[in-house]
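J.: quick check, what structure comes out for this input:
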Amino acid sequence: MKTTDKLKIDKAVLEESVVTATTKNNDLYDMLLPFIEEDADLICDNVLGDVGMAALEADEKLLKQTQKVVCRKAFSENISSLDLVLTATGFGIVSTQDTAPASQARVEALRTQVERQWLQSLGILVDMLCKV
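T.: Residues are numbered from 1 along each chain as shown. Model prediction:
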């Protein structure tokens with residue numbers, strides 16, 4: 001079983017964790033999935049450990065916080081490799097010749113915002129793990 005299956009990370013979880021990752025189709029989720037899987041493994045091995053992983057099954061808040069950490073880390077670290085466009089609901093993947101990529105300034109502002117959210121989420125997760 002993959003770590004992302006244990007953490008129940010799907011498109012809806014990604015969109016809940018990173019609001020600007022909301023899209024009508026699965027393009028963004030599909031592009032981020034390899035990075036989400038890699039980051040999920042890293043967080044589970046290096047932050048949660050065996051005790052934290054066991055606690056996930058019984059603690060919904062711990063699970064949600066771990067999901068946020070994984071999704072925000074994967075998104076913020078890989079945003080520059082995505083062909084993003086600004087849409088009315090946030091950012092999306094370029095899918096036609098009629099749309100222009102988002103400006104570098106907008107992408108960097110988004111990256112900074114999500115990185116701050118990731119650091120805050122990681123701090124909360126570590127605090128929660130101290131109580132396990």
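J.: residue 8 contacts residue 66, doesn't it?
T.: No - counting by CB atoms under 8 Å, residue 8 stays clear of residue 66, with 9.9 Å between them. All C-beta atoms are positioned from the backbone trio N, CA, C, and that covers glycine.
J.: so for those two, which residue has more residues nearby?
T.: residue 66 (29 against 13; other CB atoms under 10 Å).
J.: which strand or helix spans that one?
T.: helix 60-78 (DSSP states H and E).
J.: show me what that helix is packed up against.
T.: helix 3-7, helix 11-17, helix 27-43, helix 49-56, helix 104-130 (3 or more CB pairs under 8 Å, 6 or more residues apart in numbering; DSSP states H and E).
J.: pLDDT (mean, whole number) over the longest one?
T.: This means helix 104-130. Helix 104-130 comes out with an average pLDDT of 88.
J.: quick one: contacts of stretch 45-58?
T.: For stretch 45-58, contacts defined as CB atoms under 8 Å, 6 or more residues apart in numbering pick out 6, 7, 44, 62, 63, 66, 69, 122, 125, 126, 129, 132.
J.: same thing with stretch 28-40?
T.: Residues contacting stretch 28-40 (CB under 8 Å, 6+ apart): 2-4, 7, 9-11, 14, 21, 23, 70-71, 73-75, 77-78, 82, 92-93.
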